[in-house]
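Trainee: Here is my input, please return the structure:
(one chain, ligands or ions: 3)
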Amino acid sequence: MELLKQKIAEQGVIVSEQVLKLDGLLNHQVDPKLTMEMGKEFAKRFGDAGVTRVVTVESSGIAVAFATAYELGVPLLFARRKKTLLAEPDMLCERVPSFTKGIVTDILVSREFIGENDRVLFIDDIIANGDAARGLIKIISRAGAELVGAGIVVEKCFQPGAQAIRDQGIRLESLVRIASLDGGRITFAD
Ligand code: G4P
Ligand code: NA
Ligand code: NA
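Mentor: Numbering: from 1, shown residues only. Ligands and ions are numbered 1, 2, ... in the order given. Here you go, the predicted model:
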């Protein structure tokens, strides 16, 4: 998506060689029109996959996942992040580390909203190491649902998350691929 690339080039703030701050369009502020365009693009790419539910993890994935679900005409389910002290039998739970925050959180999905008849499209804002994605993929599988693919707004190609998911045979589509943040500049992969 050329427009998205342009916005990232304009608004992205390089924090380190690993981290690009995207608060202006993904992680703090949302551009509704641009976000709806992202949703249209994912809906186009996965339009023939028979998606019954879009799933993301709160919080930054929600806006683009909403746009995608809206375009596909299906519900959006967002996994909650919580510290769980007691096992909750109605919830599917996976513990995931967070690369930027340096903490571990539990992501939870109620069994009420996902099941064997679902064909799930996972949508997220950024993929780095892929820990959150891996956790959610496990939850989808434990629910007995079928994962038809993953749509990611920004893929950081220099970190292993996206490739690891593709290596599992999962179709992963990203809107913008970043090859490197070295030398204080954003280098796009294509
Ligand atoms: P992943 O599993 O989603 O690949 O990410 P990882 O654990 O490596 O990183 C955890 C969090 O850090 C994720 O947000 C992810 O989107 C975010 N993140 C990783 N690299 C970058 C980066 O270069 N720039 C920005 N802006 N964020 C990055 P999260 O914990 O899911 O939080 P939230 O944003 O949904 O609240
Ligand atoms: Na994020
Ligand atoms: Na996210």
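Trainee: For the rest of this, base every contact and every neighbour count on C-alpha atoms.
Mentor: OK.
Trainee: Distance check, the most centrally placed residue in the chain against Lys21.
Mentor: For the chain, the residue whose C-alpha lies nearest the mean C-alpha position (Cα atoms, centre = their mean) is Asp124; its distance is 1.3 Å. Spatial separation of Asp124 from Lys21 under the definition Cα to Cα, to the nearest Å is 16 Å.
Trainee: where do the strands sit along this protein?
Mentor: Ranges of strands within the chain are 13-14, 20-21, 53-57, 76-82, 91-98, 103-110, 119-127, 146-156, 172-180, 187-188, based on DSSP state E.
Trainee: so which of those strands comes closest to ligand 3?
Mentor: Checking these against ligand 3 by Cα to the ion gives strand 119-127 as the closest, at 5.1 Å.
Trainee: what about the strands of the chain, which gets the closest to Lys5?
Mentor: Evaluated with Cα to Cα, the strands of the chain place strand 172-180 nearest to Lys5, the distance being 6.4 Å.
Trainee: Tell me the strands beside that closest one, with direction?
Mentor: strand 146-156 (parallel), strand 187-188 (antiparallel) (DSSP bridges).
Trainee: that older thread, using CSV, please lay out the strands of the chain together with mean pLDDT and distance to Phe46.
Mentor: As requested, the strands of the chain are exported to CSV (pLDDT from 0 to 100; distance: least, Cα to Cα, whole Å):
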stretch, mean pLDDT, distance to Phe46
strand 13-14, 98, 30
strand 20-21, 98, 27
strand 53-57, 98, 11
strand 76-82, 95, 15
strand 91-98, 91, 25
strand 103-110, 92, 23
strand 119-127, 98, 8
strand 146-156, 98, 8
strand 172-180, 98, 9
strand 187-188, 98, 23
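Trainee: Reformat these as TSV; add distance to Leu136.
Mentor: What follows is those, written out as TSV (distance: least, Cα to Cα, whole Å):
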stretch	distance to Leu136
strand 13-14	28
strand 20-21	23
strand 53-57	8
strand 76-82	8
strand 91-98	7
strand 103-110	8
strand 119-127	8
strand 146-156	10
strand 172-180	14
strand 187-188	27
